[in-house]
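Q: A predicted structure for the sequence below; I have some questions about it.
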Amino acid sequence: MKHDKLIKAISRASKKTEAPLPDAKVAGDAAELLDSINALIRENRALQCKNNKANQYIRKKTNQLLNVIGTLPLKQEELEDDTLITLDPIGVVAESFIQILEHQRETNKKLELTMEEIKAIFDAVGCSVLVVDENMHVQAYNDHAQRLFTDFRGEWKGTSCHQIVCRDTRLQQECPFRQVLDTGQTVHFPDWPVRDRFFDIVATPVKNKEGKVVYGVLLYHDITFQKHAAAAIAAEKEQLAVTLRSIAEGVITTDVDGHIVLMNRVAEQLTGWTQKEATGQTSCEVFWIVDEKNRATCIYLPRDVMSSGENIARTEDTVLIARDGYERLISANAAPIYDHDREIVGVVMVFRDITSEKRIEEELLNARRIESLGILAGGIAHDFNNLLTGILGNITLAKMTAEQGTPVVEKLTRAEKACMRARDLTQQLLTFSKGGAPVKKTAAITDLLKETALFALRGSNVQCHFEIADDLSPAEIDEGQIAQVINNLVINADQAMPDGGIITVSAVNAKIRNSKRLPLKPGRYLQITVQDTGPGIDPDNIDKIFDPYFSTKKTGSGLGLASCYAIIKKHDGYIHVESKKNQGATFTFYLAASNAPVLDYREDVHEAGGEQTGRILIMDDEEMILELSRELLSIHGFDVAVSTDGKEAIAAYQKALQEGNPFDVVIMDLTIPGGMGGKEAIQQLRVIDPTVKAIVSSGYSMDAAMADFASHGFVAVVPKPYKAGTLLRVIQEVLSADDDS
Amino acid sequence: MTDRSKPKEILIDTRGQVCPSTLLVTLQHLNLQKNALRNGLVIIKIMTDHRHSTATIPNAVKNMGYDVLVTKQKGYYEILIGLPLPSQGLT
């Protein structure tokens, strides 16, 4: 073929861009056509080149986009150029980017909103917030922080937080944020002092993707006020606690269910529970109170207060039984505790031990009872003494008429002694009743000691030894009362030794100088001791044994030793006791020694002297006394007149005076029921005759006129009942005093 | 009414393909279903056996604001894409 060569050359040139274009020589007669074909090939080659560049551009850009989107680049073999155009990866990615951008826009909007929210929170939060970087330089802060740390005037951002907040190198070392940096954890310091303030600090780390702390958010909550308030509350609480501890009442508070919340020391002592043990227990468990009469159930005060909403007071019949079973009478008040809204939030119970108050009250009642009994006893004693005077007088008269040395006289003498004992008994009655003023006389005490002690020990298995000094001084005493003291001490000692023992009664003269041990004025005394070999006195009781109504004996009145104390005190003496366990007890009392001569009260009527002369007026409401006295004195030669009351006596005295035949002696009873007694009559008699010699005679030895007769205008006293000899001796003394004057 | 609790599931099987082809196919469908996806009417389930795609596809679709869940199935991975995805455990 003529153009085969040409066609092959054109085909080669159009497929391979580097192949040469066919030459015109090869074209021959088709040279003109070849020019056109070559022009087309050149044009095609230019287009192919352009197309390749465009495809490469698309691939390059596609890969860039794929890289941005985070995936691998396109591979040539994976996607042909033709497919590249068909698939349109740029279009796909671009369209995806629209979605990405839309999403980012939405995200941005949300972020902006969140930023606003954070800013608002940042500023609204009620504490100071600092954001610091890893070098502790402030990156952000809120208004609150600026208001809190006002003394820093410079630019906050970029400044070390230490310069703004702490300013203390020591604190810097312990800095909360430093700890956040070290630990990578949130740290909390509830009580962090910064200069003169206190903060609750929370430091939280902000970490990057690698977990490294890049920021710290520091929250400063100023708790200075709360600290001060807490300190004030603590102080107030302490003050309240001290007050509660100091008051004498027990205080217990409970919650609304009656569980113990608080109790003070007194409450602890009275209940036997400690606050620690009692807390949370029910009221009845700890504060076990019962009605004294109905002991079956615990009185549940909190429940009663809660149900009534009112205060409850129990002032009587309430017994608190302590943990150890010890019982106390108490007075208790319970009241609701209200909160600010007037809601009851608990119950407070205040109570005190009134056991001793009650005892004193009872003692007072007892004392009043004794007092009334005393008045009664006094009256009875008076009448009794009158009767005894009658009996004694008649015995005396009978003895006078009897033949001396006969058994009758002996029996009458015994009867007389029994009467004297009866008199002493009356005296005791009076001493109990009103502590009878002692009618003192100078007396030797030896016989009194012996007789009284032996009399008290009749029928006892206890031996009695006497150690009485021969030269024992006499003393100014009321014999009846001192006999009572000895009687009580000996009976006490006897009762202390039910299985027998020895009582030693000793008496010596003693000289007391300025003694600190004994509350006695310096001077000469008789020291009288009653010692037993019994079990001794319990040391707990030794201080109380002289107290009225104190007794360790079941049947004891508690008056024996108390009256001993009263009697010795009235004698200006002193009594005390010494005792050691199982070594017996020693009671010692002191009585002032007397220089005056002893008057023998026991002298018999026969020794009183013989025939007497003188006019005597006797005033007494007791017919028996009048008759007896008249007879007795008449026998002894006196001229006797009688009257039954003061007025009659005054009239008789006045009449005798006017007639020039006055009475030498007037003997008057102190009290005349329904008439004028001796006390009033003597005043009038002294007006009529200032030299009147009146002797007071009464069974009321407690009357002051008996103890201190002289200041009442009498010249002598004869307590009833008396023996005839006593009366005669006193009359003799009065008459002889008259002779002396 | 459209039941929003049960969105339509569109399954795209790209097994045998590798990145970026799998991603481009996914993006193509996300673009196509954009409105339905954003309204929660459809979710797209991609099946791929190309491990790299389990990273590239979630990265890209998260940036577009979709939720993604990748689970391993027998011989392939399943990538769920939706807004939101009805199931729990979103990545």
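A: Looks like it arrived, so ask away.
Q: How many residues are close by the residue lying closest to residue A:652 once chain neighbours are set aside?
A: For residue A:652, ignoring the flanking residues on the chain, the nearest one in space by CB to CB, 6 or more residues apart in numbering or on different chains is residue A:643 at 5.3 Å. (Glycine included, C-beta is placed from N, CA and C.) Other residues lying near residue A:643 total 23 when counted by other CB atoms under 10 Å in any protein chain shown.
Q: Tell me what residue A:643 is bridged to.
A: In this structure, residue A:643 bridges to residue A:619 when assessed by DSSP bridges.
Q: What distance do you get for it to chain B?
A: 132 Å (CB to the nearest CB, to the nearest Å).
Q: Likewise for residue A:637?
A: Counting by CB to the nearest CB, the gap from residue A:637 to chain B is 144 Å.
Q: and chain A, which residues reach chain B?
A: By CB under 8 Å from any CB of the partner chain, the part of chain A that sits against chain B consists of A:66, A:69-74, A:78-79, A:87, A:89, A:92-93, A:95-96, A:99-100, A:102-104, A:106-107.
Q: Kindly format the C-alpha coordinates of the strand or helix carrying residue A:650 as PDB.
A: Taking DSSP states H and E as the criterion, residue A:650 maps to helix A:646-658. Extracted C-alpha coordinates of helix A:646-658, given in PDB (Å, rounded to 0.1, in the frame of the first residue of the first chain):
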ATOM      1  CA  GLY A 646     -51.300  36.400 195.400                       C
ATOM      2  CA  LYS A 647     -54.000  38.900 196.200                       C
ATOM      3  CA  GLU A 648     -55.000  37.100 199.400                       C
ATOM      4  CA  ALA A 649     -51.400  36.800 200.400                       C
ATOM      5  CA  ILE A 650     -50.700  40.500 199.800                       C
ATOM      6  CA  ALA A 651     -53.800  41.400 201.800                       C
ATOM      7  CA  ALA A 652     -52.700  39.100 204.700                       C
ATOM      8  CA  TYR A 653     -49.200  40.500 204.600                       C
ATOM      9  CA  GLN A 654     -50.400  44.100 204.600                       C
ATOM     10  CA  LYS A 655     -52.900  43.500 207.400                       C
ATOM     11  CA  ALA A 656     -50.200  41.800 209.500                       C
ATOM     12  CA  LEU A 657     -47.800  44.700 208.800                       C
ATOM     13  CA  GLN A 658     -50.400  47.200 209.800                       C
END
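Q: Can you give the distance of it from its chain's centre?
A: Relative to its parent chain, helix A:646-658 has a centroid offset of 70 Å by CA atoms, centre = their mean, to the nearest Å.
Q: and what of stretch A:486-497?
A: Counting by CA atoms, centre = their mean, stretch A:486-497 comes out at 40 Å from the chain centroid.
Q: now the helices: where do they sit in chain B?
A: Under the criterion DSSP state H, chain B contains helices at B:21-32, B:34-38, B:53-63.
Q: Can you pull out the low-pLDDT segments for chain B?
A: Scanning chain B with the threshold set as pLDDT under 70 gives B:1-5, B:86-91.
Q: how about the residues of it that lie near chain A?
A: B:18-21, B:23-24, B:27-28, B:30-31, B:34, B:52, B:56, B:59-60, B:63-65.
Q: Three-state assignment for the closest residue to chain B within the stretch 451-600 of chain A, please.
A: Going by CB to the nearest CB, chain B is nearest to residue A:540 of the stretch 451-600 of chain A, at 83.8 Å. Classification of residue A:540 using DSSP: H, G, I helix; E, B strand; the rest coil returns coil.
Q: Tell me, how many residues neighbour it?
A: 7.
Q: do residue A:537 as well
A: Around residue A:537 there are 20 residues (other CB under 10 Å).
Q: ok, now which ones touch the closest residue to it other than its chain neighbours?
A: Sequence neighbours aside, residue A:579 is the residue nearest to residue A:537 in space, at 4.1 Å (criterion: CB to CB, 6+ apart). Going by CB atoms under 8 Å, 6 or more residues apart in numbering or on different chains, residue A:579 touches A:536-537, A:542, A:585-586.
Q: before we move on, back to that, the helices of chain B into a markdown table, with extra columns for mean neighbour count?
A: Shown next, in a markdown table, are the helices of chain B (neighbours: other CB atoms under 10 Å in any protein chain shown):
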| stretch | mean neighbour count |
| --- | --- |
| helix B:21-32 | 22 |
| helix B:34-38 | 17 |
| helix B:53-63 | 21 |
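Q: Relative to residue A:245, which of those helices is closest?
A: Residue A:245 lies closest, by CB to CB, to one member of those: helix B:53-63, at 70.8 Å.
Q: From the chain's centroid, how far away is stretch A:42-49?
A: 120 Å.
Q: just stretch A:306-326 next, same as before
A: Distance, centroid of stretch A:306-326 to centroid of chain: 16 Å (CA atoms, centre = their mean).
Q: Excluding its own residues, what touches it? List them.
A: With CB under 8 Å, 6+ apart, stretch A:306-326 has contacts from A:256, A:258, A:270-273, A:287-293, A:295, A:299, A:301, A:304-305, A:327-336, A:344, A:347, A:351, A:353.
Q: JSON lines for the helices of chain B, including distance to residue A:161?
A: Converted to JSON lines, the helices of chain B look like this (distance: least, CB to CB, whole Å):
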{"stretch": "helix B:21-32", "distance to residue A:161": "48"}
{"stretch": "helix B:34-38", "distance to residue A:161": "46"}
{"stretch": "helix B:53-63", "distance to residue A:161": "37"}
